[in-house]
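S.K.: Compute the structure for the input listed below.
(chains A and B)
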Amino acid sequence: MDEVFKALADPTRRSLLDELFKQDGQTLSALEERLPMSRFGVMKHLKVLEEAGLITTRKRGREKLHFLNPVPIRLVHDRWVSKYAEPWASALSQLKDEIEEDE
Amino acid sequence: MDRDQLYTVVGGRGTMTVFEIYIKTTPERLWEAITDEEMRRKYSFGVGTSSDWTPGSEYRSGVPGVIDIASGENLVVDPPRRLVQSFKALWSEDVEREGTSRVTWEIEPVGDSCRLAVTHDQLSETANSELYGGWPMILSGLKTLLETGEQLTTPGSLRYSGAADSA
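M.R.: Residues are numbered from 1 along each chain as shown, chains lettered A, B, ... in the order given. From the prediction side, this is the model:
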């Protein structure tokens, strides 16, 4: 989990995740175009994100595609937030059900 | 076999999503957790999945008499490494209209743990995010179950458990 927080502590890396959130499965070249940074710089940041498990990669022909992997963030959520969110979330989902029934 | 060879080659069309998680367990236990109806129920919103898990067999996910969640065919069954399934979502009219996509489970031992990759692809370009949005919660619950024996109580994570009793 240290690696996840370290990876998220950098604004450029968060921007890379934002880009993948908008459009999943991008190549290095596509990501490079979106950031004011050298190809090497983008590669370095992608490597940190990949080591933290926040992105995964797959090959398509000669291209390497990058995908946002939200699972480690889910683990952070489940560890600390779930206990507090539970009563609220269940009350809200009940409210949603009631409102939708009225419609 | 290196990492790139292990993974599914990406098709050229449609939406593809990839989810990965490391779980401290053996490939055999992980395979069991994916294919055992009762274990599955404990980390998949309370929904069980039944099948005889032979290549070409059908599977069904749901809570009998309450809700159908998904159905499809087991296209590749290679325990304890790889399971490829067609996936037709059934939980609402909106998701039913999305048609059939594909889910690939890949298990790779890494030290005393396993890397589990779930690839959900052959989705339409404009696929409803409900189709694949549940995977992080399911995988987080699977990790918790295998590592601690406990069930997650995250909001929604056991949405349908006990539904059959109260319905």
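S.K.: Tell me where the chain is predicted with low confidence.
M.R.: If you meant another chain, say so; for now it's chain A. Low-confidence segments of chain A, defined by pLDDT under 70: A:82-94, A:96, A:102-103.
S.K.: my bad, chain B
M.R.: B:1-13, B:154-158, B:161-167.
S.K.: Could you pull out the helices in it for me?
M.R.: With DSSP state H, the ranges of helices along chain B come out as B:3-6, B:27-35, B:37-41, B:93-96, B:130-133, B:135-148, B:163-166.
S.K.: Could you do chain A as well?
M.R.: Going by DSSP H, chain A shows helices at A:2-8, A:11-22, A:28-34, A:39-51, A:71-80, A:82-102.
S.K.: residues near residue 66, how many?
M.R.: You didn't pick a chain, so chain A it is. Counted by other C-beta atoms under 10 Å in any protein chain shown, the residues lying close to residue A:66 total 23. Yep, even glycine has a C-beta here, placed from its N, CA and C like the rest.
S.K.: I was after chain B.
M.R.: Neighbour count of residue B:66, defined by other C-beta under 10 Å: 15.
S.K.: That one is in contact with residue B:160, isn't it?
M.R.: Yes. With contacts counted by C-beta atoms under 8 Å, residue B:66 reaches residue B:160, the gap being 6.6 Å.
S.K.: most tightly surrounded among the helices of chain B?
M.R.: Greatest average neighbour count among those goes to helix B:135-148 (a mean of 21), per mean count of other C-beta atoms under 10 Å in any protein chain shown.
S.K.: Which strands and helices lie in contact with that one?
M.R.: helix A:71-80, strand B:15-23, helix B:27-35, strand B:113-123 (3 or more C-beta pairs under 8 Å, 6 or more residues apart in numbering or on different chains; DSSP states H and E).
S.K.: got the contact list for the second one?
M.R.: Right, the one you point to is strand B:15-23. A:24-25, A:53, A:56, A:58, A:67, A:69-72, A:75, B:10, B:30, B:110, B:113-127, B:132, B:135-136, B:139-140, B:142-143, B:146-147 (C-beta atoms under 8 Å, 6 or more residues apart in numbering or on different chains).
S.K.: Now list the buried members of those residues.
M.R.: Taking 16 or more other C-beta atoms under 10 Å in any protein chain shown as the criterion, what is buried in these is A:24-25, A:53, A:56, A:58, A:67, A:69-72, A:75, B:10, B:30, B:113-123, B:127, B:132, B:135-136, B:139-140, B:142-143, B:146.
S.K.: close to chain B, is stretch A:27-44?
M.R.: No. Counting by C-beta under 8 Å from any C-beta of the partner chain, chain B is not contacted by stretch A:27-44; separation bottoms out at 11.1 Å.
S.K.: residues contacting residue A:76?
M.R.: By C-beta under 8 Å, 6+ apart, the contact list for residue A:76 reads A:1, A:4.
S.K.: do the same with residue B:109
M.R.: Contact analysis of residue B:109 by C-beta under 8 Å, 6+ apart lists B:26-27.
S.K.: Also residue B:30?
M.R.: Counting by C-beta under 8 Å, 6+ apart, residue B:30 touches B:23, B:80, B:107, B:114, B:116, B:146.
S.K.: Quick check, the last one in contact with residue B:29.
M.R.: Yes. With contacts defined as C-beta under 8 Å, residue B:146 counts as touching residue B:29 at a distance of 6.3 Å.
S.K.: Are there residues contacting both of the two? Which ones?
M.R.: Counting by C-beta under 8 Å, 6+ apart, nothing touches both residue B:146 and residue B:29.
S.K.: Can stretch B:63-76 be said to contact chain A?
M.R.: No. Judged by C-beta under 8 Å from any C-beta, stretch B:63-76 stays clear of chain A, getting no closer than 14.0 Å.
S.K.: Please enumerate residues in contact with that stretch?
M.R.: For stretch B:63-76, contacts defined as C-beta under 8 Å, 6+ apart pick out B:45-48, B:51, B:53-62, B:82-91, B:100, B:102-103, B:160, B:163-164, B:167.
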